[in-house]
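Student: Okay, predicted coordinates and the sequence, questions at the end:
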Amino acid sequence: MSIVPRQFFSPFARVLPAIVLLLTIGGCNRLRPKPAKEYVYVVAKETFLRDRIAAVSNRVGDVANGQRLEVVEHSRRFLKVKTEKGEIGWIEEHGVIDQATYQQFVDLTKQHVNDPVIATATLRDDLYLHVRPGRKEDRFFLLPENDKLQMLVRASVPKDNPPQAMPVAKPKKPKSDSAKAKADAAKVKSPEKPDTTAPSTPTPVAPAVPPVLEDWWLVRDKQGRVGWMLSRRLDIDIPESIGGYAESQRMIGAYQLTTVSDPGSNFPNGQAPEYVTVLGPYKDGLPYDFDQVRIFTWNSHKHRYETAYRMRNLQGYLPVHVGMQTFDKIGTIPVFSFKTASDDTISIDPATGAARPANTTLQTYRLEGVIVRKVEPPSAAPAPQTPQPRATTAAPAAEKGKKSKKRHETHAKRHSHK
């Protein structure tokens, strides 16, 4: 039997452990799960991707608001991303939001998908949706000018004021040498002594200034996206036929109750709508949504609107519900209802900071032609009075005996007189 020399195995024996180690590492890498992909979303209206982080770079792709990008690499203040088209480039971090922030907007839309629409409004110019009311809160969707929005909830939060510049003290003029010498000599001759007899006066404290509040609205756009928006950038949709009757007040909402036939009017098919409107002052941060209710009915003879009913000095809260209800001896007529504060107790929403009354009362009214009457709840209606049976108790026997004795005496006196 031939024996293989030991020198034949020595080179292979040295390489074999390295080969085994490489195969083991490769197998482990195949079994290890791949990290989940990271995505970001473009916040800017329009921007571009650059090929490198430098003052001079080339544009490799364009991205727009709402677009999803896959993160390839992180750097200081920049992210290397990849578009759905396969374009790869660098973008600044402040121009995108992460997946967690995007999920907050998704959750906000799901939470308010079935909320009733309080009013509709038109956007004055391009504006972002925020995840919470406040100028410094995260923003994402950029809505275009003249976009029609559905208003859902109102909230008032403190306004974020910019830092004010501190006044700079004027530099004092340097004293001349002669004036400085005279002042030093006067201090030596009459040194100042603290006056211990005078009572110490406390330093006046400036009163606390309440924060300036501003109103925000939770809105929904045509695509169903929900977010918070500054109210002063919205114009509430009010019919032009009654918009001139606001009387220096702000119409919060106008809701159609019914229609009246007037062939001489300018309305389509001669059907003039009648409205219930809610109004309030032009002021942010009010603890209520409106303080006036006004009902407009149409006069078919004079072809104009008239005020059928008005309520003032309310603390009313949206929404206003409008419908039809059937009443005995009247039939089916329009009704509307809203809530008012029953006391001064206020509850604060921890998510938005919106202040709302803890206790409210539902007010319901009906429109009978041009007359508005309040509808009392069933619990407040007086209970019908049932007639009580008259007492028919028999008189006592002693009482009957007294009456018969008195009749006998009277009859005896008559006969004796004759």
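Tutor: All right, it came through fine.
Student: for the closest residue to residue 312 other than its chain neighbours, phi and psi?
Tutor: Excluding its sequence neighbours, the residue lying closest to residue 312 (C-beta to C-beta, 6 or more residues apart in numbering) is residue 292, at 5.5 Å. C-beta coordinates here come from the backbone N, C-alpha and C atoms, glycine included. When read as degrees, to the nearest 10, the backbone of residue 292 gives phi -140, psi 150.
Student: could you pull out the helices for the stretch 151-300 of the chain?
Tutor: 177-189, 240-243 (DSSP state H, counting those that start in this stretch).
Student: list the contacts for the residue nearest the centre of the chain?
Tutor: Nearest to the geometric centre of the chain sits residue 154, at 2.9 Å (C-alpha atoms, centre = their mean). For residue 154, the contacting residues are 118, 215-218, 231, 289, 318, 354, by C-beta atoms under 8 Å, 6 or more residues apart in numbering.
Student: If we use 6 Å, what do you get?
Tutor: Residue 154 sits next to residue 217 when contact means C-beta atoms under 6 Å, 6 or more residues apart in numbering.
Student: next one: residue 354
Tutor: Neighbours of residue 354 in contact, by C-beta under 6 Å, 6+ apart: residue 155.
Student: Stretch 67-81 - what's its average pLDDT?
Tutor: For stretch 67-81, mean pLDDT is 93.
Student: For it, what is the distance to the chain centroid?
Tutor: Stretch 67-81 has its C-alpha centroid displaced from the chain centroid by 34 Å (C-alpha atoms, centre = their mean, to the nearest Å).
Student: ok, back up a step: lowest average confidence across the helices of the stretch 151-300 of the chain, which one?
Tutor: Minimum mean pLDDT among the helices of the stretch 151-300 of the chain: helix 177-189, a mean of 61.
Student: the bottom helix or strand of the chain by mean pLDDT?
Tutor: Within the chain, judged by mean pLDDT, DSSP states H and E, the helix or strand with the poorest mean is helix 397-417; its value is a mean of 52.
Student: Touching the helix or strand hosting residue 103 from outside, list them.
Tutor: Using DSSP states H and E, residue 103 sits in helix 99-111. Outside of helix 99-111, the residues within contact range by C-beta under 6 Å, 6+ apart are 39, 41, 131, 138, 140, 226.
Student: before we move on, what SS does residue 321 have?
Tutor: Recorded secondary structure, residue 321: strand (DSSP: H, G, I helix; E, B strand; the rest coil).
Student: for it, what are its contacts?
Tutor: residue 337.
Student: between the contacts of helix 99-111, which has the most around it?
Tutor: Counting neighbours by other C-beta atoms under 10 Å, residue 226 leads those with 24 neighbours.
Student: correct me, but that one touches residue 217?
Tutor: No: using C-beta atoms under 6 Å as the test, residue 226 is too far from residue 217 to be in contact (11.0 Å).
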